[in-house]
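In: Return atomic coordinates for the entry below.
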Amino acid sequence: MPNVSTQDSLIRQTHTKVFTSPLYLTSGRILEPYQIIYETYGKLNNDKSNAILVTHALTGSHHCAGKYQNEAKAGWWDNMVGNKKFIDTEKYFVICANVIGSCYGSTSPISPIYGSFGNNDFYRLKFPVITIQDMVKAIKILLNSMGILRLHAVIGGSMGGMQALSFAILYPKSAAMFIPIAASYISNPQIIMINKIMREIIMLDSDFQQGNYAITTSPLPRFKGLQIARMLGFSQYLSLSTLQKKFSRHYVATDGYFELFGRFEVERYLDYNGANFSVYFDPLCYLYLIRALSMYDASLGFASLDHALNEIKSPLHLVAFSGDNMFPVSEMQHIKQRMDSLGLICSLEIIQSDYGHDSFLVEVTKYGDYIKQLLEYS
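Out: Numbering: from 1, shown residues only. Reported below is the predicted structural model:
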């Protein structure tokens, strides 16, 4: 039976699909068997032509819209996806799958190794390094199993935008259009540098136990390393302008200014978000996902970026944000320039925003109508 949301009467169903055939990874290793958890929204039409794949960002999940029972916060893109919203689930059948390597139910480092004895033999650091291309391949296999061979669109932001771009390259006939948002064709050195620091912080946490901490449904330790890593991650997501507007140099009223550990409001914000993140995300999965992000190169397996982009057969619609410090506009402009030089259909919409990288989540009203138009008129 459909799991009906309490918001907008959104028809949402959650599924888990197990695949027994091996998934051959870019590294040469395999996952066998593996599973993917995903949600669907709306209804698939008879000829299966109204399906849209939404791909999630680094710490996102398959839950992109609506609310579960007793859930305080709606899905991560609820302001974009839903009945009569920019991606209208009264018109489109939306699919959002949790990527392999993540901690929300798809096969990951915290999954049991198939055929292991007992309940405590998990992959942990034995899990193979995965690439964003591997994530895309697993989702394409899922779509095939659903009988959906051609989507109306593939759309996603940040790491989800990288997936959308790789979908266009690896499976050029899989959608009528591809819409990467706030993304790039390659991870720049700043991303690699910050991900390296985050990895070292997590590994130094004594509670992490070199990946050998207890994996259980019971509450885990509030991994301090993961909390600090998340704090560092926020330095990529918000612009200086946003930090000035939200916090300026305001001080926590109850903290003494001359106390060594007294806090500015921006520090309290980091404390809150870091602590909250460690409640619902797993440190092993975070290590594997930031590794995949650092490794991302859309031309992986091709002689050059031009050779990779030349595979694209459907229109590529890029959306970038002027204040994005993580994936600067110049990186999307480079994709547009190369696509133009190859004579391929590509558009680039630059949204004026000083919010930062998280604009694609926070400022949906600035570009939602543009997405709606692309879906309706392309």
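In: so what are the domain limits for this protein?
Out: Using the TED database, the domains assigned to the chain come out as 12-186+298-377, 191-291.
In: Out of these, which is the most enclosed?
Out: Highest mean neighbour count among the domains of the chain (mean count of other C-beta atoms under 10 Å): domain 12-186+298-377, with a mean of 19. (Glycine included, C-beta is placed from N, CA and C.)
In: For it, measure first residue to last.
Out: 26 Å (C-alpha to C-alpha, to the nearest Å).
In: can you put the domains of the chain in JSON lines and add mean pLDDT?
Out: Compiled in JSON lines, those are given as follows (pLDDT from 0 to 100):
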{"stretch": "domain 12-186+298-377", "mean pLDDT": "96"}
{"stretch": "domain 191-291", "mean pLDDT": "94"}
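In: For the residue nearest to the spatial centre of the chain, give me phi and psi.
Out: In the chain, the C-alpha nearest the mean C-alpha coordinate belongs to Ala57, at 1.4 Å (C-alpha atoms, centre = their mean). Main-chain dihedrals, Ala57, degrees, to the nearest 10: phi -80, psi -170.
In: For it, give me its contacts.
Out: Trp76, Gly156, Gly157, Ser158, Met159, Gly160, Leu361 (C-beta atoms under 8 Å, 6 or more residues apart in numbering).
In: what residues does stretch 252-270 touch?
Out: Outside stretch 252-270, the residues touching it (C-beta under 8 Å, 6+ apart) are Met231, Phe234, Leu243, Lys246, Phe247, Ser248, Arg249, His250, Tyr251, Asp271.
In: out of these, who's nearest Gln13?
Out: The nearest member of the contacts of stretch 252-270 to Gln13, counting by C-beta to C-beta, is Phe234 at 33.1 Å.
In: So which residues of the stretch 201-350 of the chain form helices?
Out: Secondary structure of the stretch 201-350 of the chain (DSSP state H, counting those that start in this stretch): helices located at 224-237, 240-246, 265-280, 283-295, 305-309, 329-341.
In: I'd like those helices as a markdown table, with distance to Ile130 appended.
Out: Listed next are the helices of the stretch 201-350 of the chain as a markdown table, based on distance: least, C-beta to C-beta, whole Å:
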| stretch | distance to Ile130 |
| --- | --- |
| helix 224-237 | 19 |
| helix 240-246 | 32 |
| helix 265-280 | 21 |
| helix 283-295 | 6 |
| helix 305-309 | 19 |
| helix 329-341 | 23 |
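In: of these, which approaches Arg124 most closely?
Out: So among the helices of the stretch 201-350 of the chain, helix 283-295 is nearest, using C-beta to C-beta, at 6.2 Å.
In: what angle do that closest one and helix 265-280 make?
Out: Orientation check (axes from the mean of the first three to the mean of the last three C-alpha atoms, to 10 degrees): helix 283-295 against helix 265-280 gives 110 degrees.
In: give me phi/psi at Leu149?
Out: Taking degrees, to the nearest 10, you get phi -100, psi -20 for the backbone angles of Leu149.
In: Might one say that it is in contact with Ala175?
Out: No. Between Leu149 and Ala175 there is no contact under C-beta atoms under 8 Å: 10.2 Å.
In: Next up, the contacts around His15.
Out: Residues near His15 by C-beta under 8 Å, 6+ apart: Ile37, Tyr38, Glu39, Thr40.
In: Go again with 6 Å.
Out: The neighbours of His15, taking C-beta atoms under 6 Å, 6 or more residues apart in numbering as the test, are Tyr38.
In: Check Gln352 too.
Out: Ser322.
In: Distance of it relative to Glu363?
Out: 10 Å (C-beta to C-beta, to the nearest Å).
In: Quickly name whichever of the contacts of Ala57 is closest to Gln133.
Out: Of the contacts of Ala57, the one sitting nearest to Gln133 (C-beta to C-beta) turns out to be Met159, at 12.3 Å.
In: Quickly note the distance from that closest one to Gln209.
Out: 27 Å.
In: Kindly report the same for Thr55.
Out: In terms of C-beta to C-beta, Thr55 sits 32 Å off from Gln209.
In: any chance of the contacts of Ala57 in TSV, plus distance to Gly262 and secondary structure?
Out: Output for the contacts of Ala57, formatted as TSV (distance: C-beta to C-beta, whole Å; DSSP: H, G, I helix; E, B strand; the rest coil):
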residue	distance to Gly262	secondary structure
Trp76	33	coil
Gly156	41	strand
Gly157	36	strand
Ser158	34	coil
Met159	36	helix
Gly160	38	helix
Leu361	31	helix
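In: Ser158 contacts Ala182, correct?
Out: Yes. Ser158 is within contact range of Ala182, at 5.4 Å (criterion: C-beta atoms under 6 Å).
In: residues touching Arg124, list them.
Out: Arg124 touches Pro109, Gly211, counting by C-beta under 6 Å, 6+ apart.
In: Give me the phi and psi for it.
Out: Residue torsions, per degrees, to the nearest 10, at Arg124 are phi 50, psi -130.
In: could you check the distance from it over to Ser294?
Out: 20 Å.
In: Please apply the same query to Phe247.
Out: Counting by C-beta to C-beta, the separation of Phe247 from Ser294 is 29 Å.
In: And for Tyr257?
Out: Applying C-beta to C-beta to Tyr257 and Ser294 gives a distance of 39 Å.
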